[in-house]
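Peer 1: I would like the atomic coordinates for the input below:
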Amino acid sequence: QVQLVESGGGLVQAGGSLRLSCAASGRTFKNYNMGWFRQAPGKEREFVATITKSGSNTYYAESLKGRFTISRDNAKNTVYLQMNSLKPEDTAVYYCALRVLYGLGVTPSDYGYWGQGTQVTVSS
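Peer 2: Presented below is the predicted three-dimensional model:
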């Protein structure tokens, strides 16, 4: 069984930064591609970013490119999401996810394991 635990969310003013972390256990973390998604109230869960198992390749939602950075530390079984220049519209619950199958995934159905989420609130 896989456990994913996000942390690092909170309240931040517009223009500020946050770094989210997601600690994984239960599988050999370095063997799996990882992703971040977010879900705002009343909206569907949307793709944020994904990273290959080695960390050599990343892919972002077009609208977030340049502000958000995904990275991972396989020695610590952790994936990160650095968020800069935050805007009120970034307010959401942020989830990390593990993809069991080969290749990168950009939809929620591409991922088999999810964390419980961490709230990010950006005030104007």
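Peer 1: ok, what's across the strand from residue 21?
Peer 2: Taking DSSP bridges as the rule, residue 21 bridges to residue 7, residue 80.
Peer 1: okay, buried residues for stretch 6-13 please.
Peer 2: Of the residues in stretch 6-13, 6, 8, 9, 12 count as buried by neighbour count, 16 or more other C-beta atoms under 10 Å. Any C-beta I mention is one placed from the backbone N, CA and C, and that applies to glycine too.
Peer 1: so what touches it?
Peer 2: 18-23, 86, 94-96, 115-123 (C-beta atoms under 8 Å, 6 or more residues apart in numbering).
Peer 1: can you pull out the strands in the chain?
Peer 2: Under the criterion DSSP state E, strands of the chain are mapped to 3-7, 10-13, 18-25, 33-39, 46-51, 58-60, 68-73, 78-83, 92-99, 113-114, 118-123.
Peer 1: save these as JSON lines, and put in mean pLDDT and distance to residue 107 too.
Peer 2: Output for the strands of the chain, formatted as JSON lines (pLDDT from 0 to 100; distance: least, C-beta to C-beta, whole Å):
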{"stretch": "strand 3-7", "mean pLDDT": "97", "distance to residue 107": "18"}
{"stretch": "strand 10-13", "mean pLDDT": "98", "distance to residue 107": "27"}
{"stretch": "strand 18-25", "mean pLDDT": "97", "distance to residue 107": "18"}
{"stretch": "strand 33-39", "mean pLDDT": "98", "distance to residue 107": "9"}
{"stretch": "strand 46-51", "mean pLDDT": "98", "distance to residue 107": "7"}
{"stretch": "strand 58-60", "mean pLDDT": "97", "distance to residue 107": "12"}
{"stretch": "strand 68-73", "mean pLDDT": "98", "distance to residue 107": "16"}
{"stretch": "strand 78-83", "mean pLDDT": "98", "distance to residue 107": "18"}
{"stretch": "strand 92-99", "mean pLDDT": "98", "distance to residue 107": "10"}
{"stretch": "strand 113-114", "mean pLDDT": "96", "distance to residue 107": "13"}
{"stretch": "strand 118-123", "mean pLDDT": "98", "distance to residue 107": "21"}
